[in-house]
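Below: sequence and its predicted model.
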Amino acid sequence: MASRKVLAVTLPLVMLSALAQPAFAGGLDRGGYNIDQLFDASQFSIQSGVIYVMPQRKLKNVQDLQTTSPLLGGNGNLNGRSSTADDTENYAVPYGGIKAGYGDLDCLVDYSEPFGAHTNPGANWAGANNNIETKITTRNYGATCSYKFDVGPGQLRVIGGTFYQEVEGFKERLVYSFGAPPLPNGTGRLDLEDQAWGWRAGVAYEIPEYALRASLIYNSRVKYDNLTGTVDLTNSPLTPGYGGKITNVTGSAEAPDSLELKVQSGIATDWLAFGSVKWTNWSVLQTVPFRDAAGVELASLDLAYRDGWTTTAGIGHKFNDQWSGAVSLTWDRGTSDGYGSQTDTWLLGLGAAYSPTENIEWRLAGSLGIMTSGESGTIVKDGVTYGDDVTYSFGNDLVAAISTSIKVKF
């Protein structure tokens, strides 16, 4: 039988290992939503951490599909440019939280960056008319509480909360090309931003004597109904009607809702097994058009995502009063379905937790994985055509991540 101490010492490591795994999940997932600190057994805790992710997605066999001359209304032929590109950029995902408990009530306020993206293949590849650089960043400020009461041999928690989320980003692409310099080439840039609210609700059941906990948490959609921004064509003076100026645009989009089941249990003295399954409604993001005051579409973010599924399984072990370790395996179903480069990802995670005193925990974890191969081309989805500007393929590429955090608790 596992003791209460398994829950108190090994469980925080499990939280760390799980935190490192979804750092390169499908869609625009970054850190995702994580409220595991709410379950901390201490009355008060402060935690901060960061994940650093190093994806190595490389595009190859790139071919420009829209080769019509700008004189005839096209973008120009880019097939003389490189047929390969390094698509992804390294990134960091910070987290910070403060948890306080009073009796059967626990509350957590936290900062996270659940969604984001950064691709930067540059201007010198054959797909520059699709993307030169795209970056999306979110900032999430959450408040979540739970109330627990005795049910059977354990305790049932009812969980609810809200969060305020900010999004901002940009996309640059080639608008037209008349050939190699000094012949004219035009680029355009879309900038966007908005703020919105979301909410979460869930339940959890715990039996501390067995280090057992099962939780089911739903996070709502975040409706960005007032995405505002600009389309900057000052570097494309030959664009009819809009060239050489900046135009205000508006749009709307939704960050996806998600449902996550997490389960853990002691399986022997100082041993803990854990697993999770998460569904994320990425199919709400298909194409996001941006229009000027006259209703003319000047830019769009074309994603054509399908729903994401992420599963994790692992084992944790307490070595002594100071050290614990865990290993986990994660599979994430890619959200790209013939368009884009987000295929299935497999990640192996390792982590360690060190507690020099009962009030301090330091955690370090890493993961190494494979982003599986595939190709992107022209597809038709719900009557909309995607990928008719560029086609490319990619092999099995590496992704690595390292994370660290420190927690002070009383």
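Yes, it's here. In this text the structure is predicted, and so the values were computed from the model without any measurement.

drop to CA atoms for contacts and neighbour counts, all remaining ones
Noted.

Distance of S220 relative to G160?
Per CA to CA, to the nearest Å, S220 is found 11 Å from G160.

between the two, what contacts are shared?
Listed as contacting both S220 and G160 by CA atoms under 8 Å, 6 or more residues apart in numbering are W199, R200.

show me where pLDDT drops low in the protein?
For the chain, the stretches flagged by pLDDT under 70 are 1-25.

where do the helices sit along it?
4-20 (DSSP state H).

tell me the residue furthest from the middle of it?
L71 (40.6 Å; CA atoms, centre = their mean).

contacting residues for N124?
R81, S82.

rerun that using 10 Å as the cut-off
L78, G80, R81, S82, S83, T84, A85, I132, L174 (CA atoms under 10 Å, 6 or more residues apart in numbering).

And Q286, by the same measure?
Here Q286 is in contact with A253, L301, D302, L303, A304, Y305, R306, K381, D382, V384, Y386 (CA under 10 Å, 6+ apart).

Format the residues you listed as CSV; extra columns: distance to G369 and neighbour count.
Shown next, in CSV, are those (distance: CA to CA, whole Å; neighbours: other CA atoms under 10 Å):
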residue, distance to G369, neighbour count
A253, 31, 18
L301, 28, 15
D302, 27, 17
L303, 24, 22
A304, 24, 27
Y305, 22, 24
R306, 22, 20
K381, 30, 11
D382, 33, 7
V384, 33, 10
Y386, 29, 21
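
Can you flag which of those belong to strands?
Secondary structure from DSSP state E places A253, L301, D302, K381, V384, Y386 of the contacts of Q286 in strands.

Bridging across strands, which residues link to the nearest residue to L212 once chain neighbours are set aside?
Nearest residue to L212, sequence neighbours excluded (CA to CA, 6 or more residues apart in numbering): S265, at 4.1 Å. For S265, the beta-bridge partners under DSSP bridges are A273.

Does the residue farthest from the centre of the chain touch F178 like I think?
Yes - taking CA atoms under 10 Å as the definition, L71 is a contact partner of F178 at 8.7 Å.

give the contact list for V222.
Applying CA under 10 Å, 6+ apart, the residues near V222 are 163-166, 195-199, 253-257.

can you tell me how far it sits from Q37?
Distance from V222 to Q37, by CA to CA: 22 Å.

What of N219?
N219 is 16 Å from Q37, by CA to CA.

Dump the contacts of Q286 to JSON lines, plus distance to A214.
Listed next are these as JSON lines, based on distance: CA to CA, whole Å:
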{"residue": "A253", "distance to A214": "32"}
{"residue": "L301", "distance to A214": "38"}
{"residue": "D302", "distance to A214": "37"}
{"residue": "L303", "distance to A214": "34"}
{"residue": "A304", "distance to A214": "33"}
{"residue": "Y305", "distance to A214": "30"}
{"residue": "R306", "distance to A214": "27"}
{"residue": "K381", "distance to A214": "37"}
{"residue": "D382", "distance to A214": "38"}
{"residue": "V384", "distance to A214": "41"}
{"residue": "Y386", "distance to A214": "41"}
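
ok, these vs Q155, which is closest?
Checking the contacts of Q286 against Q155 with CA to CA, the nearest one is R306 at 36.7 Å.

Next one: the closest residue to that closest one other than its chain neighbours from D104, what distance?
Counting by CA to CA, 6+ apart, R306 lies nearest to S283, which is 4.5 Å off, once chain neighbours are set aside. Note on S283: its distance to D104, by CA to CA, is 38 Å.
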